[in-house]
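Peer 1: curious how this folds, go ahead:
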Amino acid sequence: MAAGLGCSRLVGRPGWAELGHELVEWLDADDERERVRALLAAGRIAAAITFLRSRLSEDVVVEVLKDAYSSSAPAAGAIVQTAVAGCRNPAIRQGRISFQ
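Peer 2: Got it, this is the predicted structure:
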């Protein structure tokens, strides 16, 4: 999901920081929510988004992205497809990357 960080703003859509605040609500553990909020507050958006993706299912991520990027935006579909494709990094999915 970190690929294309900032590109959504070019088409007037929410950036990754805003999406991070939406996605953090889907985490089950309070300590993980606080960790991600701290990363976002510190401007470590890529780390926060990557951590979120390692903890959330693809279905959750796609649903949040679809809500944020309605089909009325000309590049919305491409942004969602790019984000989902970037989420498939095995090292991230398997938890081999640490964000502490």
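Peer 1: please work out how many residues are found near Leu40.
Peer 2: Using other C-beta atoms under 10 Å, Leu40 is surrounded by 20 other residues. Backbone N, C-alpha and C define where each C-beta goes, glycine included.
Peer 1: with Ser70 instead?
Peer 2: Ser70: 9 neighbours (other C-beta under 10 Å).
Peer 1: any weak-confidence spans in this protein?
Peer 2: Within the chain, the stretches with pLDDT under 70 are 1-12, 71-100.
Peer 1: again, only this time at 50
Peer 2: Counting by pLDDT under 50, the chain shows low-confidence ranges at 1-2, 92, 96-100.
Peer 1: just give the nearest non-adjacent residue to Val39, would you?
Peer 2: Val isn't right for residue 39; it's Leu. Distances taken as C-beta to C-beta, 6 or more residues apart in numbering place Ala48 nearest to Leu39, at 3.8 Å, with adjacent residues excluded.
Peer 1: mind giving me the packing neighbours of the helix or strand harbouring that neighbour?
Peer 2: Ala48 belongs to helix 45-55 when elements are defined using DSSP states H and E. Contacts defined by 3 or more C-beta pairs under 8 Å, 6 or more residues apart in numbering; DSSP states H and E place helix 45-55 against helix 16-23, helix 30-41, helix 90-93.
Peer 1: other SSEs contacting the following helix or strand past that helix?
Peer 2: Helices and strands here follow DSSP H and E; after helix 45-55, the next one along the chain is helix 58-68. Applying 3+ C-beta pairs under 8 Å, 6+ apart, one finds that helix 58-68 makes contact with helix 16-23, helix 76-86.
Peer 1: what about 10 Å?
Peer 2: helix 16-23, helix 45-55, helix 76-86 (3 or more C-beta pairs under 10 Å, 6 or more residues apart in numbering; DSSP states H and E).
Peer 1: including distance to Val62, could the helices and strands packed on helix 45-55 go into CSV?
Peer 2: Formatted as CSV, these follow (distance: least, C-beta to C-beta, whole Å):
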stretch, distance to Val62
helix 16-23, 11
helix 30-41, 19
helix 90-93, 15
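Peer 1: so which of those is nearest Leu52?
Peer 2: For these, proximity to Leu52 was assessed by C-beta to C-beta; helix 16-23 is nearest, at 4.6 Å.
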